[in-house]
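Asks: Just to be clear, the model below is a prediction. Sequence and coordinates:
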Amino acid sequence: MQADHTTTRQRMAVIGGGTMGVGIAYVFAVSGWHVCVVEPHDDKHLAMRQTLKDAVSSGLQRGKLTDTQAEAVLHGIQRVTSVAELPLHLDLVIESVPERLALKLQILADAAKLQPRVIASNTSSMSINQLAGSVSDASAFLGMHFFNPVWSLPMVELIRSEHTSEETLALAKTWSQGIGKTTITVRDIPGFATSRLDLIASLEAMRMLEDRVASAEDIDHAMVTAYRHPIGPLRLSDIVGLDVRLDIARQLHKALGPRYAPPRLLENMVANGKLGKKTGQGFFNWSETTSQNH
């Protein structure tokens, strides 16, 4: 994959070193961008580094990465602990922090002070128009919704606000294509396009589990074999994070009505700390996988 650059490397930052943030950093670094990740927590930074090492090892083994690209990921991605430590006038800043409105508004306001060429949110469900209110130049802001795992799934959903300029949208498309992604452009409606489709299937699978229609394994097996989905909705929910699923369900329930109401099973699992792969237990047992990755 080639980056969109001429004589100098383009510069970008990802705010948040969690599951999505690390994937976004990876694909931009592989494509030749200078990448910085804002991650204040040392434990999350260590987990991020391990995830990058694992991804690079897999990429080299499968012939998907060159040695130069591997070096760019392992040693070229810089980490800072606060947005204030980022340089001015970056080409692109992508916010990828948890789906909490107050947190996102503050992070975006801080990032806007650095006057990047384009600033984006990786939100999967929050209103881009609402988030744009915290950015000093709303014409330079849009949603760039990536999918997990970012290095494997070849699409970015671009969400334009009422104020997103044509130039900003064009740059986001060009840069997304430059890191090997295809794009769709949607207007700012609750759940956009992809989150609505994805979540409704996952919530129905959870209700089926509640109703004892079938086991989690068989529900997922049906989707993978009968409908050729690459992964079942319950396993995917574990990977995304059940707390993230619950946040999005609550937002869409409020905006779109009862068909997005979170099942009691999901609420109970999150309350009991069963968040999926990241905690070792969700609809499936990930403890062995989690221990192998640390």
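Replies: The structure has been received and is ready for your questions. Residues are numbered from 1 along each chain as shown.

Asks: Surely residue 84 is within a helix?
Replies: Yes: judged by DSSP: H, G, I helix; E, B strand; the rest coil, residue 84 forms part of a helix.

Asks: In this structure it contacts residue 110, no?
Replies: Yes: assessed by CB atoms under 8 Å, residue 84 is found in contact with residue 110 at 7.0 Å. (Glycine included, C-beta is placed from N, CA and C.)

Asks: Identify the residues contacting the closest residue in space to residue 215 that isn't next to it in sequence.
Replies: Excluding the flanking residues, the one nearest residue 215 by CB to CB, 6 or more residues apart in numbering is residue 209, at 7.8 Å. With contacts defined as CB atoms under 8 Å, 6 or more residues apart in numbering, residue 209 is in contact with 215-216, 219, 234, 265, 283.

Asks: Quick check: buried residues in the helix or strand where residue 209 lies?
Replies: Secondary structure here is read from DSSP states H and E; on that basis residue 209 sits in helix 194-210. Neighbour-count burial for helix 194-210, counted by 16 or more other CB atoms under 10 Å, picks out 194-196, 198-203, 205-206, 208-209.

Asks: Tell me the helix or strand right after it.
Replies: Sequence-wise, the next helix or strand downstream of helix 194-210 (DSSP H and E) is helix 216-226.

Asks: ok and that next one relative to helix 194-210, angle-wise?
Replies: 130 degrees (axes from the mean of the first three to the mean of the last three CA atoms, to 10 degrees).

Asks: more neighbours, residue 84 and residue 110?
Replies: Neighbours were counted for residue 84 and for residue 110 using other CB atoms under 10 Å; residue 110 has more, 18 against 11.

Asks: ok, and the more buried one, which helix or strand is that part of?
Replies: Taking DSSP H and E as the criterion, the element that holds residue 110 is helix 101-112.

Asks: Buried residues, that helix. List them.
Replies: Buried residues in helix 101-112, defined by neighbour count with 16+ other CB under 10 Å: 104-105, 107-108, 110-112.

Asks: Arrange these in JSON lines, one row each, with pLDDT and distance to residue 136 as further columns.
Replies: Putting the buried residues of helix 101-112 into JSON lines (pLDDT from 0 to 100; distance: CB to CB, whole Å) gives the following:
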{"residue": "104", "pLDDT": "97", "distance to residue 136": "15"}
{"residue": "105", "pLDDT": "97", "distance to residue 136": "13"}
{"residue": "107", "pLDDT": "97", "distance to residue 136": "14"}
{"residue": "108", "pLDDT": "98", "distance to residue 136": "10"}
{"residue": "110", "pLDDT": "98", "distance to residue 136": "11"}
{"residue": "111", "pLDDT": "98", "distance to residue 136": "10"}
{"residue": "112", "pLDDT": "97", "distance to residue 136": "5"}
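
Asks: Mind telling me the two of those residues farthest from one another?
Replies: Within these, 104 and 112 form the most distant pair, 12.2 Å apart (CB to CB).

Asks: got any residues that touch both of those two?
Replies: Between them, residue 104 and residue 112 share the neighbouring residues residue 134, with contact defined by CB under 8 Å, 6+ apart.
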